[in-house]
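Student: Below is the sequence, then the predicted model.
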Amino acid sequence: MESYEVVQSPIEARLASVFQEAKQTLFIAAPYIKTYGTEVVLRNTSARQLKVLTNLDLTNITSSGFDLEALLSLWTRFDVSVSSLGKLHAKVYVADRQVAFLTSANLTRGGLKENHEYGIILRDTRLISLILKDMEGYFGLGNIFDREQLTALTDDVAQIKQLQHSVESSAEFRELNRLLRQKGQTLQRKVLENRVSKRTINTIFAETIQYLLETRGPLSTSDLHPLIQDIHPDICDDTIDRVIHGQHFGKKWKHAVRNAQQSLKQNGVIELKEQRWHLAG
């Protein structure tokens with residue numbers, strides 16, 4: 001077995017396989033934790049000891065990116081220890097001191113399934129020991145919480161979120177939010193204008209198709225579409241149609257992908273065999 005494995009999105013299946021290798025202990029470092037992520041843990045490991053290093057500062061636990069109830073659900077299956085370290089950004093998952101997954105992915109649906117993440121699985125036990133030593137050091141520096149202490153925080157978190165909702169529902173907030181969206185749309189247009197000032201949509205999609213075929217092997221058009229949209233959500237937005245410098249962004253992106261495919265085919269770069277695109281030669 002190789003001592004390392006590079007993992008591209010989606011991360012979930014490979015992370016689940018790492019969890020499955022944990023028979024005794026599992027170490028998780030992730031600043032954002034949601035129910036989707038904890039369910040992946042609960043479904044995929046028989047380990048009994050679980051250490052979780054996360055970030056339970058006010059901004060995190062009152063945001064949409066963190067679910068305190070999801071963290072508490074881990075006590076239904078595991079002997080859990082939790083430490084909170086401010087400014088934690090590391091995402092590290094270690095099973096039985098035998099395999100480690102270092103990644104950009106948080107323990108959330110976005111991190112495991114939707115975002116364009118990256119990571120590496122290591123099986124070099126010497127390196128894993130060094131990594132775990134560092135993570136244990138971080139853990140020891142943090143604010144240690146038990147189940148009762150975390151449960152006591154849930155009411156306060158719920159009240160703060162309710163107050164946030166009340167503010168966001170006010171007429172003044174709605175008007176400010178409208179102005180914010182308007183400014184954001186203007187900024188987004190400027191960002192997209194920069195994109196097409198250097199390369200055409202056809203070039204962007206053609207390069208992306210080549211990259212995906214090089215890294216993932218032969219793919220059908222239906223395979224390519226979600227992968228391309230994942231890489232370029234700004235120009236593959238199904239909810240809007242923008243025209244900048246004569247080029248379409250948004251709803252017509254699949255038409256542009258088809259044009260890029262045909263251009264690559266005509267230039268002898270790719271070929272279609274049994275409904276799947278291959279790099280020529």
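Tutor: Perfect, I can see it now. Numbers count the residues shown, from 1 in each chain.
Student: name the element residue 186 belongs to?
Tutor: Counting by DSSP states H and E, the element that carries residue 186 is helix 171-198.
Student: mean confidence score for the helix or strand following that helix?
Tutor: With elements assigned by DSSP H and E, the helix or strand that comes after helix 171-198 is helix 201-216. Helix 201-216 carries an average pLDDT of 91.
Student: Could you list every helix and strand in contact with helix 201-216?
Tutor: Counting contacts by 3 or more Cβ pairs under 8 Å, 6 or more residues apart in numbering; DSSP states H and E, helix 201-216 is packed against helix 221-231, strand 247-250, helix 253-266, strand 270-273, strand 276-279. Yep, even glycine has a C-beta here, placed from its N, CA and C like the rest.
Student: now those in CSV, with mean neighbour count, mean pLDDT and distance to residue 101?
Tutor: What follows is the helices and strands packed on helix 201-216, written out as CSV (neighbours: other Cβ atoms under 10 Å; pLDDT from 0 to 100; distance: least, Cβ to Cβ, whole Å):
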stretch, mean neighbour count, mean pLDDT, distance to residue 101
helix 221-231, 16, 91, 20
strand 247-250, 18, 60, 35
helix 253-266, 17, 92, 32
strand 270-273, 14, 94, 33
strand 276-279, 16, 94, 29
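Student: so can I have a markdown table of the ones you listed showing distance to residue 72?
Tutor: Shown next, in a markdown table, are these (distance: least, Cβ to Cβ, whole Å):
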| stretch | distance to residue 72 |
| --- | --- |
| helix 221-231 | 31 |
| strand 247-250 | 41 |
| helix 253-266 | 41 |
| strand 270-273 | 50 |
| strand 276-279 | 46 |
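Student: Identify the residue nearest the geometric centre of this structure.
Tutor: Nearest to the mean C-alpha position of the chain, by Cα atoms, centre = their mean, lies residue 111 at 2.2 Å.
Student: Go ahead and confirm it touches residue 101.
Tutor: No: in this structure, residue 111 is not within contact of residue 101 by Cβ atoms under 8 Å, at 11.8 Å.
Student: coming back round to it: which of the helices and strands packed on helix 201-216 sits closest to residue 160?
Tutor: Closest approach to residue 160 among the helices and strands packed on helix 201-216 is made by helix 221-231 (33.0 Å; Cβ to Cβ).
Student: Poorly predicted segments of the stretch 101-250 of the chain, please.
Tutor: Along the stretch 101-250 of the chain, the parts satisfying pLDDT under 70 run over 187-188, 190-192, 194-196, 241-250.
Student: go again using 80 as the cut-off
Tutor: For the stretch 101-250 of the chain, residues meeting the criterion pLDDT under 80 lie at 161-162, 164-170, 173, 176-177, 179-181, 183-199, 234, 239-250.
Student: Number of residues surrounding residue 252?
Tutor: Look at residue 252: counted by other Cβ atoms under 10 Å, it has 15 neighbours.
Student: If I look at it, what pLDDT would I see?
Tutor: Reported pLDDT for residue 252: 81.
Student: partner residues bridging residue 54?
Tutor: Residues in a beta bridge with residue 54, per DSSP bridges, are residue 84.
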